[in-house]
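Q: got a predicted structure here, sequence first:
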Amino acid sequence: MRATPKLTWIEMKLFFREPMALIFSFAFPFFVMFILAGVFGNEIDTEDPESLEVWRGVGPADYYVPAYVGIVMASMGLISLPLRLATYRERGVLRRFRAAGFPAGAIIISQVAVALGIAAVGAIAITVSSTLFYGTQAPEMPLATLGAWLLGAGAFAAIGIFLGAILPTARTAQGGGLILFFMMMFISGGGPPRGVLTTSMRTLSEATAGTPGHRSSRWHSSSAPQPPGCSVSAGDSREGTARGPAPLGCRDNGGLGCASALVSGW
């Protein structure tokens, strides 16, 4: 495993030579998030129950920041990792690694380390820039947030390795990854709020990796405006409305919901 740090450094440099990986890991999440935040702002009508329910009791910008932290994870797990591994296998790079005596574990660890590093940089950049430009809130429970982020990033890294192992060619990995990426993005909170989706779309979104982060996230203060029927106390993760999951403004003080988030665990 002594070769792992050097291999990780090489993989990091190779990552920054891939335009598609850079676009979907940095440019695309920033571009879409700032368009949505610019359109909707970060103000919410506290007298409008429907608005409170759609935005889960927080401002639109606060709603989208966790989603796009998750989008960076998704881009690594659904696009970059499968494409890199499938390309290596298709071009015989993995065979050369084995012939050179590189253990398979070192190759996997280096790929996961690069994915986690890029996801961390993206998460920090999105959080800081959204705070500077739109005044979004910081996490109330930093340690739970960090645990949720690690769990989410690790889950997407595992998905990426799995896809890279089963998809036969780089072209297949690229096409399949893009389909999964955009499907998850648009129905799991990265596009229209889940509160405005049809019942069938919300049901489908429950099967994606992006939704658990929104269901279990508890970033914002319990003093935030809450939709009618929302009552979440310490250790109580019951859903507050009949239409969907407990709004983001309803806080689970136990923190277990944060720790179980798979994507945007805020």
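A: Looks like it arrived, so ask away. Numbering: from 1, shown residues only.

Q: after the strand or helix carrying residue 163 comes which helix or strand?
A: Of the helices and strands defined by DSSP states H and E, residue 163 is found in helix 142-166. If you walk from helix 142-166 toward the C-terminus, the next helix or strand you reach (DSSP H and E) is helix 170-187.

Q: could you list the buried residues of that next one?
A: Within helix 170-187, the residues scored as buried using 16 or more other C-beta atoms under 10 Å are 170, 172, 173, 174, 176, 177, 178, 180, 181, 184, 185, 187. (Each C-beta comes from the backbone N, C-alpha and C, glycine too.)

Q: one step back: avg pLDDT for the helix holding residue 163?
A: Taken as a whole, helix 142-166 carries a mean pLDDT of 88.

Q: please apply the same query to stretch 19-39.
A: In this model, stretch 19-39 has a mean pLDDT of 85.

Q: and that stretch, end to end?
A: Using C-alpha to C-alpha, to the nearest Å, the gap from the first to the last residue of stretch 19-39 comes to 28 Å.

Q: for stretch 96-108, same thing?
A: Across its full length, stretch 96-108 reaches 15 Å between end residues, using C-alpha to C-alpha.

Q: likewise stretch 190-199?
A: Taking C-alpha to C-alpha, the first and last residues of stretch 190-199 lie 17 Å apart.

Q: go through that stretch and flag the buried ones.
A: Buried residues in stretch 190-199 (16+ other C-beta under 10 Å): 190, 191, 193, 194, 195, 197.

Q: now for the first one: which residues touch it?
A: Put plainly, it is residue 190. Residues in contact with residue 190, defined by C-beta atoms under 8 Å, 6 or more residues apart in numbering, are 32, 64, 67, 68, 70, 71, 184, 210.

Q: can you put those in a markdown table and add distance to residue 124 and secondary structure?
A: Listed next are those as a markdown table, based on distance: C-beta to C-beta, whole Å; DSSP: H, G, I helix; E, B strand; the rest coil:
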| residue | distance to residue 124 | secondary structure |
| --- | --- | --- |
| 32 | 18 | helix |
| 64 | 16 | helix |
| 67 | 16 | helix |
| 68 | 12 | helix |
| 70 | 14 | helix |
| 71 | 14 | helix |
| 184 | 22 | helix |
| 210 | 20 | coil |
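
Q: by contact count, what packs against the longest helix anywhere in the chain?
A: Under DSSP state H, the helix in the chain containing the largest number of residues is helix 104-134. Using 3 or more C-beta pairs under 8 Å, 6 or more residues apart in numbering; DSSP states H and E as the contact criterion, the elements in contact with helix 104-134 are helix 4-15, helix 28-40, helix 60-75, helix 81-90, helix 93-99, helix 142-166.
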